[in-house]
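Asker: fold the stuff below for me.
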Amino acid sequence: MTLDDLASLIAARKDADPDTSWTAKLLAKGPEKCAEKFGEEAVEAIIEAVKGDKAGLTSEAADVLYHLLVMLTARGVTLDEVMAELARRQGTSGIAEKAAR
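Answerer: Model (predicted):
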């Protein structure tokens, strides 16, 4: 499954029944809850990275990507918009890009 596939699946489940779809349930709770859940998953990924647990980090990284896309969907930001921003930054030093903000 690609990130595009996952983003499409999340968008398709946005209006599903929250009793049968975890994605719909998260989105029904609102953007703040989606952001909170993303933060929890990010912390769990950090813990696995610090522990050096490759399998644990792989699993948590998948959760982070899923919850990031859910959070973006909750705020009406598409994966295409994020990818366009990354493309805009391409070829620019990270140090120079950060200084320009």
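Asker: now do the same contact list for Pro31.
Answerer: When the contact criterion is CB atoms under 8 Å, 6 or more residues apart in numbering, the partners of Pro31 are 71, 74-75. Using the backbone N, CA and C atoms, a C-beta is placed for each residue, glycine as well.
Asker: which residues of this protein fall in strands?
Answerer: The residue ranges that make up strands in the chain, judged by DSSP state E, are empty, as it has none.
Asker: now for this structure, the helix or strand with the poorest mean pLDDT.
Answerer: Evaluated with mean pLDDT, DSSP states H and E, the helix-and-strand set of the chain has its lowest mean pLDDT in helix 94-100, which scores a mean of 72.
Asker: buried stuff in that helix?
Answerer: Neighbour counts using 16 or more other CB atoms under 10 Å place no residue of helix 94-100 among the buried ones.
Asker: next one: it to chain centre, how far?
Answerer: 23 Å (CA atoms, centre = their mean, to the nearest Å).
Asker: please name the nearest non-neighbouring residue to the residue most central in space within the chain.
Answerer: Central residue of the chain (CA atoms, centre = their mean): Leu68, 1.3 Å from the mean position. In space, not counting the residues next to it along the chain, Leu68 is nearest to Phe38; the distance is 5.7 Å by CB to CB, 6 or more residues apart in numbering.
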